[in-house]
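Novice: What follows is a protein structure lacking sequence information:
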């Protein structure tokens, strides 16, 4: 079976695309914020927390803290939340088996990874799932000064892959904008477990 188009580069976001981590991020944030009097709902998290770096998330959350004296505690709780997330993701990688199988079979394609998360949070999860070596180029939050929705992350992965076109699979509005501004074809992924089906649809039937 051969693809019907000539695009041979596929680029993936991590949280919410490769890994089903967004519910874990939300639960960890909600648990951390509850003692500060903040009831973070799933809809709120999706509105301003999905696909963004912690620094931007914290800026928004600071506006929700009613007692200014609790602001220093917000940063401390985020540090604790990140440790909990790392332990959860490494002990049981939140990556669907179908996604792992798909990545291992795409050897004819140039594969890239672009994420706002830090390298120390992502690569251990990829290694635990046995797919870290699948990506020809990886871009993490610390690799660029301007983050999604700016095009910088996708421009950088394009340079590292030596490409100017390809499919990008994203789950957030800021990620879609970032990819499109960098000149890539952006495909929305709303459910991580559907990623393999979406990828095969795009490369074989689009």
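Specialist: All right, it came through fine. No experiment lies behind these values; they were computed from the predicted model shown.

Novice: going forward, measure contacts between C-alpha atoms and count neighbours the same way
Specialist: Will do.

Novice: quick one: what helix or strand has the nearest residue to residue 174 once chain neighbours are set aside in it?
Specialist: Distance criterion CA to CA, 6 or more residues apart in numbering; nearest residue to residue 174, sequence neighbours excluded, is residue 149 at 4.4 Å. If you go by DSSP states H and E, residue 149 is not part of any helix or strand.

Novice: for residue 149, what are its contacts?
Specialist: By CA atoms under 8 Å, 6 or more residues apart in numbering, the contact set of residue 149 is 173, 174, 175, 176, 177, 178.

Novice: where's residue 89 relative to residue 97, distance?
Specialist: 15 Å (CA to CA, to the nearest Å).

Novice: Could you check the pLDDT of residue 137?
Specialist: Residue 137 carries a pLDDT score of 98 in this model.

Novice: same question but for residue 170, I mixed them up
Specialist: Value listed for residue 170 in the pLDDT field: 98.

Novice: swap in residue 87?
Specialist: pLDDT, read off for residue 87, is 83.

Novice: do the same with the one 4 residues further on
Specialist: Reading off the confidence values, residue 91 has pLDDT 81.

Novice: likewise residue 55?
Specialist: On the pLDDT scale, residue 55 gets 87.

Novice: same deal with residue 197?
Specialist: pLDDT, residue 197: 96.

Novice: Between residue 89 and residue 97, point out the one with more neighbours.
Specialist: It is residue 89, of residue 89 and residue 97, that has more neighbours when counted by other CA atoms under 10 Å, with 22 against 11.

Novice: quick one on the thing from earlier: mind pulling up the phi and psi values for the residue nearest to residue 174?
Specialist: Here is the backbone geometry of residue 149 (degrees, to the nearest 10): phi -90, psi 0.

Novice: Touching the worst-scoring helix or strand of the chain on mean pLDDT from outside, list them.
Specialist: In the chain, no helix or strand scores lower on mean pLDDT, DSSP states H and E than helix 71-91, which sits at a mean of 85. The contact list for helix 71-91 (CA under 8 Å, 6+ apart) reads 24-25, 28-29, 32-33, 36, 58, 62, 65, 121, 124-125, 128.
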